[in-house]
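# Please find the sequence and the predicted model below.
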Amino acid sequence: MAATLRLLAGQGYDGFGMREVAAEADATTGSIYHFFANKDDLCKATLDHYRARIADEERTMTGGPEPALERLTRTLEWLASSTRPGWRRDLALAHFNEARRSGSAPPRTADEPMPFAHLLRQPVLDAVAEGRLVVPHRFSADDLADLFMVTATGAVQLGTSKQATVKAATLLELLAALLVGPADR
């Protein structure tokens, strides 16, 4: 499945066949066909597997008794990891390639992970309520949450772009570092 995800990320669905999957996985096409009837089944099973992993990670991140600022920092660090080479980035690229191919983002089912922006909103609002984040005069807690979401969204999009000249992980880590109060430095 890792080989299939890498190919989906790098070439898109139409850019490879079962032979390329077998070569990438250092396997035979027969061994792949033993488990999957066709390329569609393989790609669906691959995306389902990695989406389930993301959903598990998201549940772990959003749960727990930690203060909101710690949850927010953990979420930003997790997002930074999705911009570095690895399966999280490959999954984001595979989704991007599929959206380009179909002309729209693939539909989300109830068991798929929530868009990551929602992972940021509640910890920001909670951190404001706890007094750990200060909202500048003339702005609201929602404005501050929007700032975090827009910044993180842009950084992740940059990090999954092959033409990115900005280090997305660095931007997300900087945003997380800004959360550390003067007493914590």
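Received the coordinates, thanks.
# Off-centre distance for the helix of greatest length in the chain?
In the chain, assigned by DSSP state H, the helix with the most residues is helix 39-62. Here the centre of helix 39-62 is set off from its chain's centre by 11 Å, with C-alpha atoms, centre = their mean, to the nearest Å.
# and the gap between the residue nearest to the spatial centre of the chain and V135?
Among the residues of the chain, S82 comes closest to the average C-alpha position under C-alpha atoms, centre = their mean, at 5.2 Å. According to C-beta to C-beta, to the nearest Å, S82 and V135 sit 28 Å apart. Any C-beta I mention is one placed from the backbone N, CA and C, and that applies to glycine too.
# got it, and H95?
Distance from H95 to V135, by C-beta to C-beta: 33 Å.
# Pick out whichever of those two has more residues nearby.
H95 (18 against 14; other C-beta atoms under 10 Å).
# burial measure for A37, as a count.
Neighbour tally, A37, other C-beta under 10 Å: 8.
# residue contacts, it?
Counting by C-beta atoms under 8 Å, 6 or more residues apart in numbering, A37 touches no other residue.
# Give me the contacts around stretch 61-74.
Against stretch 61-74 from outside (C-beta under 8 Å, 6+ apart): 75, 78, 119-120, 122-127, 129-130, 132-133, 148, 176, 179.
# hmm, 7 Å instead?
75, 78, 119-120, 123-124, 126-127, 130, 132, 176, 179 (C-beta atoms under 7 Å, 6 or more residues apart in numbering).
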